[in-house]
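J.: Pasting a predicted model and its sequence here:
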Amino acid sequence: MAPFPRRRALGAIGLALALGASLLGAPAQAQGSGNPVRIFVGFPPGGGTDAIARMLADKLKDQLGQPVVVENKAGAGGQIAAQALKAAAPDGTTFFISHDHTISILPLVTKNPGFDPAKDFVPVAGFATFVNAFAVSGGTPARSMSEYITWVRTQRGGKGNVGVPAPASVPEFLVKLIGQKYNLDLAAAPYRGSAPMIGDMLGNQIGAGVGSIPDFIENHKAGKLRVVAVMGNARQAAVPEAPTFAELGLAGFEDVPYYGFFAPAGTPQAAIDRFSGALQKVVALPDVRDQLAKLGLTVGFMPQQQLADRERAYSQTWAKLIRNLGFQPQ
């Protein structure tokens, strides 16, 4: 009777080995089962970050072999989404798409942001840089930054409100520096994201705004508002007619912001590498690169360590500028 159980046991072992080999041969399908991947966005639907997240999510689902959903957790310049990321389980299914403001700037300007990027998050990968821009509403007569300055000085008594997508943000500090340079009383008017700010600009409720080129580009092309100056070392392909702030004599805005993905601290490295690898393949697709470029982004994949180094350097640069402005964390 002994040979039969032995043959059955050997057969079971062979079946198990074959099954294991088949699973190893199809990692996307095996890992793709279960819960969908969630991508948190810290701003409302309709803004530049939301549009980028949804485009990438649509492509990532094919690379990961599982659903990828975008969840908008708008408010406080991305702070609500960052706090939600901190609270999320580090199981490799939750990621946060963010630019410089939430990760690099909020911890510098907020006493208790409710998260510490260095302790609560882990960089995953970056995929692009972009520039902030100064735009004027279609209802203003200005066609350039100098014309806007003249209009505020002569028609508004030297006072003007400039929309910014979040309080205590790079756009707000840019408004302060422009006011100082031109001896104008410019007040930053903070919004809950770029979409409502641009809505007021299109309705001529506010004469100007500062935001990212991805936020402004479609309405700029349509002639509904006008980008008149950009950050960075060079003019941008999306708006080549707009000079840099350095060209206008306003130095200190050459370092450009970044876009990247972050995960909760403790997320397994294998999950980070898997998502990073999928993202690298997605941003290498010609149609994705073309769409991101049209939105005003400069595409360039940044692996985990490169994103971490860029975030650290950007934070250091802005910590100095914020101190020089005398801004106190709130």
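T.: That came through, no problem.

J.: For the host helix or strand of residue 70, the averaged confidence score.
T.: Assigned by DSSP states H and E, residue 70 belongs to strand 68-72. Regarding strand 68-72, the rounded mean pLDDT is 98.

J.: What helices and strands are in contact with that strand?
T.: On a contact count with 3 or more C-beta pairs under 8 Å, 6 or more residues apart in numbering; DSSP states H and E, strand 68-72 meets strand 37-41, helix 48-64. Any C-beta I mention is one placed from the backbone N, CA and C, and that applies to glycine too.

J.: mind checking how far residue 168 is from residue 35?
T.: 35 Å (C-beta to C-beta, to the nearest Å).

J.: For those two, indicate the residue with more neighbours.
T.: Ranked by neighbour count (other C-beta atoms under 10 Å), residue 168 and residue 35 place residue 168 first, with 22 against 13.

J.: Look up how far residue 328 lies from the more buried one.
T.: 10 Å.

J.: And residue 229, by the same measure?
T.: 28 Å.

J.: So which residues of the stretch 201-330 of the chain form strands?
T.: 208-212, 225-230, 258-264, 298-302 (DSSP state E, counting those that start in this stretch).

J.: how about low-confidence regions in this protein?
T.: 1-34 (pLDDT under 70).

J.: where do the helices sit along it?
T.: 3-24, 27-31, 48-64, 79-87, 100, 106-109, 117-120, 145-155, 170-182, 194-202, 213-221, 269-283, 286-294, 304-324 (DSSP state H).

J.: Would you mind giving these as JSON lines with distance to residue 248 and mean neighbour count added?
T.: JSON lines is the format used below for those (distance: least, C-beta to C-beta, whole Å; neighbours: other C-beta atoms under 10 Å):
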{"stretch": "helix 3-24", "distance to residue 248": "58", "mean neighbour count": "10"}
{"stretch": "helix 27-31", "distance to residue 248": "50", "mean neighbour count": "13"}
{"stretch": "helix 48-64", "distance to residue 248": "23", "mean neighbour count": "21"}
{"stretch": "helix 79-87", "distance to residue 248": "32", "mean neighbour count": "20"}
{"stretch": "helix 100", "distance to residue 248": "22", "mean neighbour count": "25"}
{"stretch": "helix 106-109", "distance to residue 248": "25", "mean neighbour count": "20"}
{"stretch": "helix 117-120", "distance to residue 248": "32", "mean neighbour count": "16"}
{"stretch": "helix 145-155", "distance to residue 248": "6", "mean neighbour count": "17"}
{"stretch": "helix 170-182", "distance to residue 248": "9", "mean neighbour count": "21"}
{"stretch": "helix 194-202", "distance to residue 248": "21", "mean neighbour count": "21"}
{"stretch": "helix 213-221", "distance to residue 248": "17", "mean neighbour count": "22"}
{"stretch": "helix 269-283", "distance to residue 248": "32", "mean neighbour count": "18"}
{"stretch": "helix 286-294", "distance to residue 248": "25", "mean neighbour count": "14"}
{"stretch": "helix 304-324", "distance to residue 248": "17", "mean neighbour count": "16"}
